[in-house]
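Participant: give me the fold of what follows.
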Amino acid sequence: MAADPPIDIPRLLWWRLVGELAARSLGERESGAFLLKRAAANERRVCAFVCYDDLDPHCLVGSIEFHGDGYSTLWQLCRERGLEVAADIHTHPAAGVGQSPIDARNPMLAVPGHVALIAPHFGRTSRLSLSGIGIHVFQGRGRWVSYSHRSRGAPVRLVW
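Facilitator: Residues are numbered from 1 along each chain as shown. Predicted structure coming up:
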């Protein structure tokens, strides 16, 4: 089931995030980032992002192979800044934004309710909307529910 209320992503932050993913992909490899929010009980607004390769410099190998040390760095950054993970995003090489079998078996955070976004074309997609972005919510035990940006109850939205 989708998070309620949805995760709010400021449009300017989305603009920067999608541009950064495209730049890090170099047009030839997947890239990704964690979307961060303030660690408050009812906070749903993303205030920052951190790219996977800033946490694990060797994780972009065509696909993404994110290692345990990267998570240690992520948790330290979150503790120091009073943040927590709201969602994650990664890119796929073509137009498909459904989860690959590898994605489905290996959520970046294996916690029910975690939201995973997938951007097509190595991040060369709309920086103005969520159009074309795959939105997936982990249900636990390998199960996911998927949405488009137009789906009723979609768990993320862009805001001003």
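
Participant: from here on, just use CA atoms for contacts and neighbour counts.
Facilitator: OK.

Participant: can you tell me the SS state at the residue lying closest to Asp88 once chain neighbours are set aside?
Facilitator: In space, Asp88 comes closest to Phe34 once its chain neighbours are excluded; the distance is 4.3 Å by Cα to Cα, 6 or more residues apart in numbering. Using DSSP: H, G, I helix; E, B strand; the rest coil, the structure places Phe34 in strand.

Participant: what about Phe34, neighbour count?
Facilitator: The local packing of Phe34 (other Cα atoms under 10 Å) involves 24 other residues.

Participant: please apply the same query to the one 5 residues further on.
Facilitator: Ala39 is flanked by 16 other residues according to other Cα under 10 Å.

Participant: the residue nearest to Asp88 pairs with what?
Facilitator: Here Phe34 shows beta-bridge partners Val50, Asp88, assigned using DSSP bridges.

Participant: that one is in contact with Phe49, isn't it?
Facilitator: Yes: between Phe34 and Phe49 a contact is recorded at 5.5 Å, counting by Cα atoms under 8 Å.

Participant: going along the chain, name the strands of the protein.
Facilitator: If you assign secondary structure with DSSP state E, the strands in the chain sit at 7-10, 32-38, 46-51, 60-61, 63-64, 83-91, 115-119, 134-140, 143-147, 156-159.

Participant: of those strands, which is nearest Val18?
Facilitator: Put simply, out of the strands of the chain the one that sits nearest Val18 is strand 115-119, at 8.3 Å, with distance taken as Cα to Cα.

Participant: in its sheet, what does that closest one sit against?
Facilitator: So strand 115-119, judged by DSSP bridges, has these partners: strand 83-91 (parallel), strand 134-140 (antiparallel).

Participant: how far out from the middle of the chain is that strand?
Facilitator: Between the centre of strand 115-119 and the centre of its host chain there is 5 Å, according to Cα atoms, centre = their mean, to the nearest Å.

Participant: which of the strands paired with strand 115-119 is buried the deepest?
Facilitator: Compared across the strands paired with strand 115-119, strand 83-91 shows the largest average neighbour count, a mean of 24 (mean count of other Cα atoms under 10 Å).

Participant: tilt between that strand and strand 32-38?
Facilitator: Our comparison of strand 83-91 with strand 32-38, counting by axes from the mean of the first three to the mean of the last three Cα atoms, to 10 degrees, yields an angle of 150 degrees.
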